[in-house]
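**Q** what shape does this take:
(one chain, ligands or ions: 1)
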Amino acid sequence: MSIIKNDFEKMTITKIKKSKNSKKLTMITAYDALFSNLFKDIADFILVGDSLNMSFAGKNDTLSATLEQMIYHTNAVCTGAPQAFVITDMPFGTYNTKEQALENAIKIYQQTNASAVKVEGGEDKAHIVKHLTSNSIAVVGHIGLMPQYVRSEGGYKVRGKTKEDEEQLIKDAIAIENAGAFCIVVEGVLSNVAQKITKCVDVPVIGIGAGNVTDGQVLVWSDMLGFFDEFKPKFVRRYLDGANLVKQAVNQYRNDVQNASFPSKEEEY
Ligand code: KIV
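**A** Numbers count the residues shown, from 1 in each chain. The predicted model follows:
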């Protein structure tokens, strides 16, 4: 029996925009061909998030991810899922000026098959988003809790708790939409504020830690499959106990090696 949902259709920017108010969108991260191949016919889009710096490279935050790493992982993801709509995060420090942003986004487009790039920032980065979209780069915005701001903000802080912050988030969403982004990720925002953000823009809003009021959801694959078992943020739902399943399997393998039951006669030449 196939587990692939039969209503899957390859995404385009037009379809993504049209899905607002009609279909909830599913985004998942992937960093390699193995997993993008598993997700390709199921998720609407695949994000090569700079979260790979944490869940793949084991670092404490996303800030040391480089453009070269993002390009390397995007190529692997696109190879495993050639038909998927792949979005690549522009890493920290690669879009400080509009000229630098365009030069680096062009590198991503020329060296990978990514369909779009994602940049973190609201009103403060709208001129960058505008410059990219005016030069034929498709952009996904990312507002709210922005992991690339973790050191300057002094931690990961849930957004939208004051009237002032709520108003700022709405201004951020409108500025990013006006700059030409076709979709906006909203992370770590109070659900009632995420709902207002979702209503105030015409492009789909994809939430993470923003309640079920947005136009879709994104999760980091290693969080939702339970491979990262040291810490579980409140907003993550674990669909698999990945870490324990892997540990049990490897433990079984070691036992089989030690008692010489692996390999068996059937597993030898
Ligand atoms: O880097 C990432 O994986 C992300 C998601 C958490 C949205 O930006």
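
**Q** stretch 102-115: how far from the chain's middle?
**A** Averaged C-alpha coordinates place stretch 102-115 at 17 Å from its chain's average position (CA atoms, centre = their mean, to the nearest Å).

**Q** and the contacts of it?
**A** Residues from elsewhere that reach stretch 102-115 (CB atoms under 8 Å, 6 or more residues apart in numbering): 13, 45, 48, 67, 70-71, 74-75, 78, 82, 85-88, 90, 94-95, 117, 131-132, 135, 137-138. Bear in mind the C-beta positions are built from the backbone N, C-alpha and C, glycine included.

**Q** can you list which of those residues are found in helices?
**A** Secondary structure from DSSP state H places 13, 67, 70-71, 74-75, 78, 131-132 of these in helices.

**Q** enumerate every residue touching residue 67.
**A** 90-91, 94, 104, 107-108.

**Q** which among these end up buried?
**A** Using 16 or more other CB atoms under 10 Å as the burial test, the contacts of residue 67 include 90-91, 94, 104, 108 as buried.

**Q** all helices of the stretch 101-250 of the chain, in order?
**A** 126-134, 150-153, 163-178, 191-200, 221-224, 242-258 (DSSP state H, counting those that start in this stretch).

**Q** nearest to the ligand within the chain, name that residue for me.
**A** Using CB to the nearest ligand atom, the closest approach of the chain to the ligand is made by residue 49 at 2.1 Å.

**Q** near the ligand, which residues of the stretch 1-150 of the chain are found?
**A** Listed as neighbours of the ligand in the stretch 1-150 of the chain under the rule CB under 6 Å from any ligand atom: 29, 47, 49-51, 89, 142.

**Q** count of residues packed around residue 258?
**A** Neighbourhood size, residue 258 [other CB atoms under 10 Å]: 9.

**Q** partner residues bridging the nearest residue in space to the residue of the chain closest to the ligand that is not next to it in sequence?
**A** Excluding the flanking residues, the one nearest residue 49 by CB to CB, 6 or more residues apart in numbering is residue 29, at 4.4 Å. Note on residue 29: beta-bridge partners residue 47, judged by DSSP bridges.
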